[in-house]
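K.L.:
this is a predicted model, with the sequence first.
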Amino acid sequence: MAGTVLLCWFINNTFLEYYYLQDKERVLETAYKRINQASLNGEIGTEDFGVELKKFCSENNISMVIISPESDIIITVNDSESMRRQLIDNIFGRTDNIIRTLSKTESYNIWIKTDLLTQAEFVEIWGLLDNGTYFLSRIALEGIKASVALANRFLAYVGSFAVILSVIVIFYVAKKTTDPIMELCKISERMIHLDFEAKYQGHSKNEVALLGQNINELSRSLEKTISELKIANNELKRDIQQKIELDEMRSEFLSNVSHELKTPIALIQGYAEGLLDRISDDQESRDFYCEVIVDEAAKMNEVVKKLMTLNELEFGHGQITMERFDIVLMITNYLKSAEILIKQRGAKIEFYETDAIFVWADEFKVIEVINNYFTNALNHVAENGTIRIKLEKFGKNLRVLVWNEGERIAQENIPYLWDKFYKVDKARTRAYGGNGIGLSIVKAIMAAHNQDYGVENHENGVYFWFELEIG
């Protein structure tokens, strides 16, 4: 804007005076043609022509004189005597004060001339009309120069104001344009880092707003696509992890099953071969061999059943049926059914709960957990020792604790107790027929209930516990 104003000022200052001079030369030529026509038509002496001429001279700031060949004034407008003398000087060739000739024909001359008396510059036309009279018209150049200077000064003022106003307007317009663009730039930068929360908020109808709406749509589309890709990627990772875990579980399962079944199979095979080979003919020995075979077969059957139960729980095939039941009544009935085992161990049982406590769980699965905990307690309780079963409220849950008096579990073994086939004391476990699967079944059942379980060493014994939702 400033450059445009400066260019206008330069053009005005350089060419306006020339243009103005050309315009005045044209005006003087127009005046000559009209006077010459009037002289031929005999209008010069009429009143109407006199009024027309004065009006024309007044509008264009022209001084004029027309004289006869005898130097008599026929028509004059402004400063008649001075103009007459100037015209006579021109006729007789006294033109030393000419500055520059602008145009010259057979009928008139146009030049710029200095007035000898006032030293003012004029653009002047003089010559001979077709009726034989002489004429002189002139316009002062001082007025032209003053007008040009005034026009340039006015343009400078107006231009300066226009520049200041334009700066404000352009700044506002540019800000209205660039602010949305910068906002879109920030949004796109956030999209580079997969942040799709930022959205363009403009509501105008221009091209930038349309671009912003398209970027919003692009953001939503990218967010949706990336979300779908992440979901698919997570599912793929989960599938791969499940496959890896399944392969590991299969390998571990085969290894552990082979290990667990190897001993009973070897015993069964050995004693069966002994019977076939008639190593001992007495009835008592044969009965002993048969008892070993039956006992080892029973152990194998127990291992297989527990493995099937564990497999159903771990792979989600064993359905959990949530029902409300009295846990106190369940434990009481279980202890009655286990009286024979308790007497064989010579253990003392402490369970003093009598009031009903209702919980939500799968009753048959909970019996399995209690059976595993209680069987472990019987197998590890000290001779004539105590087994204590307690029920404690733990927040919104009920915690069932089974404590047996006896040796504590080494702290380094506790994290592995829940692993399949893990045995702390393999010789002792073998003696009472343990297979290391019971606590793994507890882990799977409690995971299916989404409840906690655990084991803790206490004075003179070990606590195994699990939690159920109070009903």
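P.N.:
Sure, I can see it. Numbers count the residues shown, from 1 in each chain.
K.L.:
which element is the residue nearest the centre of the chain on?
P.N.:
Central residue of the chain (CA atoms, centre = their mean): Phe196, 2.7 Å from the mean position. Taking DSSP states H and E as the definition, Phe196 sits outside all helices and strands.
K.L.:
I figured Ala272 hits Val294, correct?
P.N.:
No. Under the criterion of CB atoms under 8 Å, Ala272 makes no contact with Val294, lying 11.2 Å away. All C-beta atoms are positioned from the backbone trio N, CA, C, and that covers glycine.
K.L.:
where does the stretch 151-300 of the chain have low pLDDT?
P.N.:
Scanning the stretch 151-300 of the chain for pLDDT under 70 picks out the ranges 202-203, 246, 249-263, 279-281, 299-300.
K.L.:
quick check: phi and psi at the spatially closest residue to Thr321 that is not a sequence neighbour.
P.N.:
For Thr321, ignoring the flanking residues on the chain, the nearest one in space by CB to CB, 6 or more residues apart in numbering is Asp362 at 5.0 Å. For Asp362, the backbone dihedrals (degrees, to the nearest 10) come out as phi -90, psi 110.
K.L.:
how close does Asp362 sit to Leu468?
P.N.:
10 Å (CB to CB, to the nearest Å).
K.L.:
which neighbours do the two have in common?
P.N.:
Listed as contacting both Asp362 and Leu468 by CB atoms under 8 Å, 6 or more residues apart in numbering are His449.
K.L.:
more neighbours: which of those two?
P.N.:
The neighbour comparison of Asp362 against Leu468 (other CB atoms under 10 Å) goes to Leu468, with 24 against 20.
K.L.:
please report phi then psi for that one.
P.N.:
Per degrees, to the nearest 10, the backbone of Leu468 is at phi -140, psi 150.
K.L.:
sticking with the residue lying closest to it once chain neighbours are set aside, tell me its helix or strand.
P.N.:
Closest residue in space to Leu468, ignoring its immediate chain neighbours: Val359 at 4.1 Å, by CB to CB, 6+ apart. Taking DSSP H and E as the definition, Val359 sits inside strand 358-361.
K.L.:
can you check Val402 too?
P.N.:
Secondary structure assigned from DSSP H and E places Val402 in strand 397-405.
K.L.:
for that strand, packing partners?
P.N.:
In terms of contacts (3 or more CB pairs under 8 Å, 6 or more residues apart in numbering; DSSP states H and E), strand 397-405 is packed against helix 327-337, helix 363-380, strand 386-394, strand 461-470.
K.L.:
ok, 6 Å please
P.N.:
If contacts are counted by 3 or more CB pairs under 6 Å, 6 or more residues apart in numbering; DSSP states H and E, strand 397-405 sits against helix 363-380, strand 386-394, strand 461-470.
K.L.:
I'd like the average pLDDT over that strand.
P.N.:
Per-residue pLDDT values across strand 397-405 average out to 94.
K.L.:
other residues contacting that strand?
P.N.:
359, 373-374, 377, 380-382, 385-392, 460-461, 463-470 (CB atoms under 6 Å, 6 or more residues apart in numbering).
K.L.:
the inter-axis angle of it versus helix 363-380?
P.N.:
Counting by axes from the mean of the first three to the mean of the last three CA atoms, to 10 degrees, strand 397-405 lies at 20 degrees to helix 363-380.
K.L.:
got the angle for strand 397-405 vs strand 386-394?
P.N.:
Computed with the same axes, to 10 degrees, the direction of strand 397-405 lies at 160 degrees from that of strand 386-394.
K.L.:
returning to that earlier point: give the rounded mean pLDDT of the strand holding Val359.
P.N.:
Strand 358-361 comes out at a mean pLDDT of 93.
K.L.:
could you give me the buried positions within that strand?
P.N.:
Val359, Ala361 (16 or more other CB atoms under 10 Å).
K.L.:
tell me where the protein has strands.
P.N.:
With DSSP state E as the criterion, the chain has strands at 63-67, 73-77, 98-104, 108-114, 121-128, 134-140, 323-326, 348-350, 358-361, 386-394, 397-405, 453-458, 461-470.
K.L.:
with distance to Asn90 as extra columns, can I get the ones you listed in TSV?
P.N.:
Shown next, in TSV, are the strands of the chain (distance: least, CB to CB, whole Å):
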stretch	distance to Asn90
strand 63-67	11
strand 73-77	15
strand 98-104	10
strand 108-114	8
strand 121-128	5
strand 134-140	7
strand 323-326	135
strand 348-350	150
strand 358-361	131
strand 386-394	131
strand 397-405	129
strand 453-458	132
strand 461-470	129
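K.L.:
kindly reformat the helices and strands packed on strand 397-405 as a markdown table containing distance to Tyr352.
P.N.:
Converted to a markdown table, those look like this (distance: least, CB to CB, whole Å):
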| stretch | distance to Tyr352 |
| --- | --- |
| helix 363-380 | 16 |
| strand 386-394 | 9 |
| strand 461-470 | 17 |
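K.L.:
quick check: phi and psi at Leu194.
P.N.:
When quoted as degrees, to the nearest 10, the phi and psi of Leu194 stand at phi 60, psi 30.
K.L.:
ok, back up a step: run the chain-centre distance for the strand holding Val402.
P.N.:
Strand 397-405 has its C-alpha centroid displaced from the chain centroid by 53 Å (CA atoms, centre = their mean, to the nearest Å).
K.L.:
much appreciated, bye for now.
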